[in-house]
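# Fold the following and give me the result.
(one chain, ligands or ions: 2)
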Amino acid sequence: MATKSKKAAKVEIENNEDPKEEAPVLMPPEEDAPEPLIEDLPGVGPATAEKLREAGFDELLALAVMSPGDLADQAELGEAVATKIISGAKKMANIGGFVSGEALLERRREVLKLSSKVESIDDLLGGGFETQALVEVYGAFGSGKTQIGHQLAVNCTLPMEEGGFDGDVFYIDTEDTFRPERISQMARGHGLDPEQVLSRIHVARAYNSAHQMLLVDEIKRMSKGLNVKMIIVDSLTSHFRAEFIGRGMLANRQQKLNRHLKDLKQLADVNNALVLVTNQVHSKPDAMWGDPTKPIGGHVLAHASTFRLYLRKAKGGRRIARLVDSPNLPDGECVYQVTQEGLRD
Ligand code: GTP
Ligand code: MG
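Ligands and ions are numbered 1, 2, ... in the order given. Now for the predicted structure:
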């Protein structure tokens with residue numbers, strides 16, 4: 001049954017853990033000039049470069065922030081060499097700069113909001129899903145993450161006056177759960193022509209994490225001539241989680257994930273687009289993935305996401321979305337439903 005309740009206070013929640021909150025970090029705008037490579041560092045030949053890459057250090061900034069002891073350990077280098085590399089990286093890395101609040105406000109003025117066409121969700125988000133932002137949707141199996149991805153892909157093609165972006169969507173599918181039939185149902189739910197909607201959603205299946213990262217470059221290449229307004233990665237973390245197993249791989253995985261997130265955020269900034277990534281919660285506590293109530297991906301993802309939405313199932317077929325960690329909105333919850341036609345109040 002439909003509910004108009006925007007608060008979940010009276011809804012029985014099956015799963016009401018409260019993810020730990022962390023302050024998001026505003027990333028400095030990306031520079032266009034190409035960054036020097038790790039090979040450009042004094043004292044780094046091909047062999048050392050390979051060691052560094054294998055340990056997950058593929059950019060200067062990642063090296064610049066290390067301590068000599070940790071870098072020596074992780075990349076299996078002597079400490080004197082590590083010290084030299086770090087000091088070189090500090091000089092050459094693009095640390096980013098300061099911009100005036102006025103310039104930032106100017107950029108914020110360009111931000112658009114994509115309507116979910118569900119009043120309670122839009123209200124929770126202060127009007128909709130913002131461009132120039134990375135939105136992370138996380139929750140357990142079947143909590144509805146992929147449904148949100150499908151619905152927003154459809155909505156992105158709606159005209160501006162109907163809350164859409166009249167835009168093209170790139171959808172990176174890592175779990176083989178993209179369903180054109182579902183897009184068609186949701187398109188019909190908005191009175192849209194399913195074929196036209198499908199023609200604007202560009203889907204690629206990512207076979208592993210390296211392929212997933214390459215597909216972001218492919219989006220950059222393909223986006224010319226298109227009005228790219230949304231990039232979806234469903235799921236952001238599943239390949240990384242499956243491939244980088246054990247404590248020894250943690251640093252490597254986090255470096256790669258960080259690189260991937262920076263590339264995605266750059267797409268969001270350059271195209272004034274919205275990036276939506278899905279993520280799971282830990283299914284069971286273990287040394288690698290930790291607390292079962294938290295989204296996976298750790299601090300890297302927590303810091304990269306502008307908004308985090310935590311999805312849960314409630315009794316009676318209802319769903320709850322909780323806004324966590326917004327830079328400019330109060331945390332809160334809303335209730336909605338998943339129907340044959342798509343998400344509804
Ligand atoms: P994982 O990817 O497995 O982690 O799950 P998820 O969070 O992506 O879940 P997903 O978005 O795939 O949600 C699946 C749920 O959406 C199903 O259990 C259904 O409850 C609901 N759903 C999917 N399609 C339909 C539909 O056509 N009609 C209705 N009413 N519900 C649907
Ligand atoms: Mg899914």
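
# Next, count neighbours for Gly342.
24 (other CB atoms under 10 Å). C-beta: built from backbone N, CA, C; applies to glycine.

# what separates it from ligand 1, distance-wise?
Going from Gly342 to ligand 1 by CB to the nearest ligand atom, to the nearest Å gives 9 Å.

# Could you grab the helix/strand/coil label for the spatially closest residue to that residue that is not a sequence neighbour?
Counting by CB to CB, 6 or more residues apart in numbering, Met186 is the residue found nearest to Gly342 once chain neighbours are left out, at 3.9 Å. Classification of Met186 by DSSP: H, G, I helix; E, B strand; the rest coil places it in helix.

# my read: Met186 touches His150, true?
Yes: look at Met186 against His150 with CB atoms under 8 Å: they come within range, at 6.0 Å.

# Look up the residues that both of the two are in contact with.
Here Met186 and His150 have Gly342 as joint contacts, going by CB atoms under 8 Å, 6 or more residues apart in numbering.

# Residue numbers of this structure in contact with ligand 2?
145-146, 177 (CB under 5 Å from the ion).

# and those near ligand 1, which?
When contact is defined as CB under 6 Å from any ligand atom, these meet ligand 1 at 145-146, 177.

# related to what we said a few turns ago, residues contacting the residue nearest to Gly342?
150-151, 154, 341-342.

# In helices, which of those residues appear?
150-151, 154 (DSSP state H).

# Throw these into a markdown table and include pLDDT and neighbour count, thanks.
Formatted as a markdown table, those follow (pLDDT from 0 to 100; neighbours: other CB atoms under 10 Å):
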| residue | pLDDT | neighbour count |
| --- | --- | --- |
| His150 | 98 | 25 |
| Gln151 | 98 | 25 |
| Val154 | 98 | 29 |
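
# Buried ones among the residues of the chain next to ligand 2?
For the residues of the chain next to ligand 2, a burial check counting by 16 or more other CB atoms under 10 Å picks out 145-146.

# quick one: which of the residues of the chain next to ligand 2 sit in helices?
Reading helices off those with DSSP H, I get 145-146.

# would you turn the residues of the chain next to ligand 2 into TSV with pLDDT and distance to Gln74?
Below are the residues of the chain next to ligand 2 laid out as TSV (pLDDT from 0 to 100; distance: CB to CB, whole Å):
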residue	pLDDT	distance to Gln74
Lys145	97	33
Thr146	98	35
Thr177	97	35
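
# So which residues on the stretch 151-300 of the chain come close to ligand 1?
175, 177, 280.

# what separates the closest residue to the second one other than its chain neighbours from Ser120, distance-wise?
When you say that, I think you mean Thr177. Nearest residue to Thr177 in three dimensions, chain neighbours excluded: Thr146, at 5.1 Å (CB to CB, 6+ apart). Taking CB to CB, to the nearest Å as the measure, Thr146 falls 20 Å from Ser120.

# May I ask which helix or strand of this protein has the lowest mean pLDDT?
helix 298-304 (a mean of 78; mean pLDDT, DSSP states H and E).

# centre of the chain versus stretch 120-130, how much separation?
18 Å (CA atoms, centre = their mean, to the nearest Å).

# can you point me to the longest helix in the protein?
Under DSSP H, the chain gives helix 250-271 as its longest helix.

# buried residues in stretch 141-159?
143-158.

# So which other helices or strands are in contact with the longest helix of the chain?
strand 133-139, helix 209-222, strand 228-234, helix 238-243, strand 274-280, helix 298-304 (3 or more CB pairs under 8 Å, 6 or more residues apart in numbering; DSSP states H and E).

# could you give the mean pLDDT of that helix?
Across helix 250-271, pLDDT averages out at 90.

# Buried residues in that helix, which are they?
250-269, 271.

# any idea how far the residue positioned nearest the centre of the chain lies from Lys91?
In the chain, the residue lying closest to the centroid (CA atoms, centre = their mean) is Val277, at 3.8 Å. Using CB to CB, Val277 is found at 34 Å from Lys91.

# for His202, same thing?
Counting by CB to CB, the gap from His202 to Lys91 is 41 Å.

# higher neighbour count, those two?
His202 (19 against 10).

# Perfect, that will be all.
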